[in-house]
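Chemist: take a look and give me a structure for this.
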Amino acid sequence: MNDPDADREDVSREIARALNSLGEENRTLFLAKLALKLGYRVGDLEAVSEAIDAARREMENS
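Modeler: Here you go, the predicted structure:
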């Protein structure tokens, strides 16, 4: 059985590796492309909209 916390850490490390391999000028575009691709894979508009709203709220509160 997979540990959800360990899986999240693995995902975070993988994204960090990808970001570190890119130049600073490409990181924002990479994150936008990644978000779109993941949103398309989820395929649930309500879930994607909720995730977008949650991320926006976190940015506004930081």
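
Chemist: against which helices or strands is the host helix or strand of residue 57 packed?
Modeler: In this structure, residue 57 is located in helix 45-60 according to DSSP states H and E. Judged by 3 or more C-beta pairs under 8 Å, 6 or more residues apart in numbering; DSSP states H and E, helix 45-60 is in contact with helix 24-42. Placement of C-beta: from N, CA and C, glycine included.

Chemist: what average pLDDT does the helix it packs on get?
Modeler: Mean per-residue pLDDT for helix 24-42: 95.

Chemist: what does the helix or strand that residue 13 is a member of rub up against?
Modeler: Assigned by DSSP H and E, residue 13 falls within helix 4-21. Helix 4-21 is contacted from outside by 27, 30-31, 34, using C-beta atoms under 8 Å, 6 or more residues apart in numbering.

Chemist: kindly recompute the last result at 7 Å.
Modeler: For helix 4-21, contacts defined as C-beta atoms under 7 Å, 6 or more residues apart in numbering pick out 27, 30.

Chemist: so how far is it from its chain's centroid?
Modeler: Its chain's C-alpha centre and that of helix 4-21 lie 10 Å apart, by C-alpha atoms, centre = their mean, to the nearest Å.

Chemist: tilt between it and helix 24-42?
Modeler: Here the directions of helix 4-21 and helix 24-42 differ by 140 degrees (axes from the mean of the first three to the mean of the last three C-alpha atoms, to 10 degrees).
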